[in-house]
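[1] What follows is a predicted protein model with its sequence.
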Amino acid sequence: MITVWAPDGVGEVRRGDDLAELLLGVLSAGGPDAAGHLADGDVVCVTSKVVSKAEGRVVAGDRAEAVVAETRRVVARRGPLAIVVNRLGITMAAAGVDASNVEPGHVVLLPEDPDASARVLRDAVASRTGANVAVLVTDTAGRTWREGQTDIAVGAAGLHVLDDHAGRADGYGNDLAVTAPAVADELAGVAELAAGKLSRRPFTVVRGRGDLVLPPGEHGPGAAALLRPEGADLFGLGAREAVLAALEARAGARSAFGVAVDPDELVAVLTGLTGSPVVRRDDEVVVTTGDPRTRWAVEVAAYAHGWQAVAAPEPGLRLRPSTP
C-alpha cells in the first residue's frame, strides 16, 4: 500500500530558510502515523520553486530575458511559446523560468543544481531524525504528444530513479528489453496529485516504496540520470525546426539528429530520393550526379541522417558521418 500526504502550514519561503526545519515543523503537526514523523523508506518530495526561493534563485527582471539566459538550445518555438533545453539539460517550456507565486517584476529560476539540493535536504533530515529517506525536487512539465502537464523529478537523492526491467520476463515469458519505468517521475506525479497547485503545500511524503530508497549515505546518480544525451533523442527538434535545420545545414543543430545512420541505410535513402547512382566505398557513401538540384537534395538528406559532404568532385558527392 502507498500512502501519500502533503502537510499544511508552510508559509512564504524566503532566501536562507532551512527547508529541513520547515518540513519537520509541519510534519510534527500530524500525519498518517501517530506523530507525523518520517520513517525509513519514505520519499520526501519538495517543489523546485520552494527550493529556489530558499536558495536565492528569485531574481528581478523580465521573464523573456531570463528564459534566454537559462537556455542552452531552442527545440521549438511557436509564437511566444519556446520549448528549450535549459542549462540543466532538461527540455521544458520557458527553460523552467516561472513568474507565478512571486512578487511582480521577479521570476523564479530552477535551482542551480537540483540533485545537490536534494542531497543537502536528505542529509539534513537524516542528521536530525535518523530516518533514511529519499528526496525528490519536483517541477511541472508538459509531455510530448499529450495535453496537460504533470510534475517530474528535476532533482533526486537516495532513490533508484529508474526501475530497469532489462533481463526480466513478463508472465508470458517475453523478455522486457527496454522497459524502464521512470519511478522518480511517477512519484513526483503522485506527490503533485496530493499537494495540488494552489494549496501552498510544497512538501509531500510518499510512503510504501521503500524498495526504491537507497541505503544511508548512497545518494545515487540523481535525476540527471533521466536525461538522454544530447543528440540521442529522436525528437531533438520540433517538426518545423528540423526541416529548417536540414535546409540550412546549420552546424550548431547537427547533434540534434543524433548518431549517423548505417551507410547501407543512407545508400537506400539516397537511391530512393534521387534515382542517381549511389554506392558505398568503405566508410564513405558516393553519389554520382551532375544535377545541382539533386546535389542539394543529397546534402540536405545526408545532413538529416547524420552525414555530410566532405568533398564535391564532379560529377558527384562524397559523404562521411558528421561529428556531433
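    Ah, there it is. Numbers count the residues shown, from 1 in each chain.
[2] In terms of secondary structure, what does the longest helix seen in the chain contact?
    Taking DSSP state H as the criterion, the chain has its longest helix at helix 114-129. Where contact means 3 or more Cβ pairs under 8 Å, 6 or more residues apart in numbering; DSSP states H and E, helix 114-129 is packed against helix 19-27, strand 43-47, helix 48-54, strand 134-143, strand 146-157. To be clear about C-beta, it is placed using only N, CA and C from the backbone, and glycine gets the same treatment.
[3] one more time with 6 Å, if that's ok
    Secondary-structure packing of helix 114-129 (3 or more Cβ pairs under 6 Å, 6 or more residues apart in numbering; DSSP states H and E): helix 19-27, strand 134-143, strand 146-157.
[4] can you pull the buried residues of stretch 230-243?
    233, 236, 237, 238, 241, 242 (16 or more other Cβ atoms under 10 Å).
[5] what about it, distance to the chain center?
    Computed by Cα atoms, centre = their mean, to the nearest Å, the chain-centroid distance of stretch 230-243 equals 15 Å.
[6] Stretch 11-31 now?
    With Cα atoms, centre = their mean, you get 28 Å for stretch 11-31.
[7] do stretch 279-296 as well
    Offset of stretch 279-296 from its chain centre (Cα atoms, centre = their mean): 38 Å.
[8] List the buried residues in it.
    Across stretch 279-296, burial judged by 16+ other Cβ under 10 Å covers 284, 285, 286, 287, 289, 294, 295.
[9] One more: stretch 264-271?
    Neighbour counts over stretch 264-271 (16+ other Cβ under 10 Å) mark 266, 267, 269, 270 as buried.
[10] Alpha carbons of the host helix or strand of the first one, as PDB, please.
    Same thing as residue 266. Assigned by DSSP states H and E, residue 266 belongs to helix 263-274. Only the C-alpha atoms of helix 263-274 are listed here, as PDB (Å, rounded to 0.1, in the frame of the first residue of the first chain):
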ATOM      1  CA  PRO A 263      26.000   3.600 -44.600                       C
ATOM      2  CA  ASP A 264      23.700   1.000 -46.200                       C
ATOM      3  CA  GLU A 265      20.600   2.700 -44.800                       C
ATOM      4  CA  LEU A 266      21.900   6.000 -46.200                       C
ATOM      5  CA  VAL A 267      22.500   4.400 -49.600                       C
ATOM      6  CA  ALA A 268      18.900   3.100 -49.700                       C
ATOM      7  CA  VAL A 269      17.500   6.500 -48.700                       C
ATOM      8  CA  LEU A 270      19.500   8.500 -51.300                       C
ATOM      9  CA  THR A 271      18.800   5.900 -54.000                       C
ATOM     10  CA  GLY A 272      15.100   6.200 -53.500                       C
ATOM     11  CA  LEU A 273      15.300  10.000 -53.200                       C
ATOM     12  CA  THR A 274      17.400  10.800 -56.200                       C
END
